[in-house]
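**Q** predicted structure and sequence below. I'll ask about it afterward.
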Amino acid sequence: MDILQLTQDDMNDQNRDYDEGYLSKAEVGDWVYDDGETLCSQSCVEHWYHTSSTEKETKKWLHIFERLQSLNSK
């Protein structure tokens with residue numbers, strides 16, 4: 001799991017190839033989750049947390065969401 005601070009170049013690169021929903025509500029300077037293929041905003045991860053179908057997935061997304069929430073609240 002990687003967390004990185006979003007740049008304008010990151011946003012532009014991703015939005016060329018992927019749905020903008022992955023970066024919903026994210027702004028340059030926000031911390032986002034990098035799954036190795038796409039960048040995912042705190043809002044996107046929160047959605048996955050609430051809609052996950054297994055306990056393992058729920059724990060994974062909650063952990064990532066809480067980390068992003070902590071970083072983005074600074």
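**A** Structure's in. What do you need?
**Q** ranges for the helices of the protein?
**A** The residue ranges that make up the helices of the chain, judged by DSSP state H, are 8-17, 42-51, 55-72.
**Q** which one of these is the most hemmed in?
**A** helix 42-51 (a mean of 18; mean count of other Cβ atoms under 10 Å). Quick note: C-beta positions are derived from backbone N, CA and C, even for glycine.
**Q** quick one: work out the angle between it and helix 55-72.
**A** Going by axes from the mean of the first three to the mean of the last three Cα atoms, to 10 degrees, helix 42-51 is angled at 150 degrees with respect to helix 55-72.
**Q** tell me how far the helix or strand bottoming out on mean pLDDT in the chain lies from the chain's centre.
**A** Least confident element among the helices and strands of the chain, by mean pLDDT, DSSP states H and E: helix 8-17 (a mean of 93). Averaging C-alpha positions (Cα atoms, centre = their mean, to the nearest Å) puts helix 8-17 14 Å from its chain's average.
**Q** how about exporting it as CSV, limited to the C-alpha atoms?
**A** What follows is the C-alpha trace of helix 8-17 in CSV, where atoms were taken according to Å, rounded to 0.1, in the frame of the first residue of the first chain:
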residue,chain,number,x,y,z
GLN,A,8,-1.5,18.3,-10.9
ASP,A,9,0.6,16.0,-13.2
ASP,A,10,-0.7,13.0,-11.3
MET,A,11,-4.3,14.1,-11.8
ASN,A,12,-3.8,14.9,-15.4
ASP,A,13,-2.1,11.6,-16.2
GLN,A,14,-4.8,9.6,-14.4
ASN,A,15,-7.8,11.4,-15.8
ARG,A,16,-6.5,10.7,-19.3
ASP,A,17,-6.8,6.9,-18.8
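**Q** elements contacting that helix?
**A** For helix 8-17, the contact count by 3 or more Cβ pairs under 8 Å, 6 or more residues apart in numbering; DSSP states H and E identifies no helix or strand as a packing neighbour.
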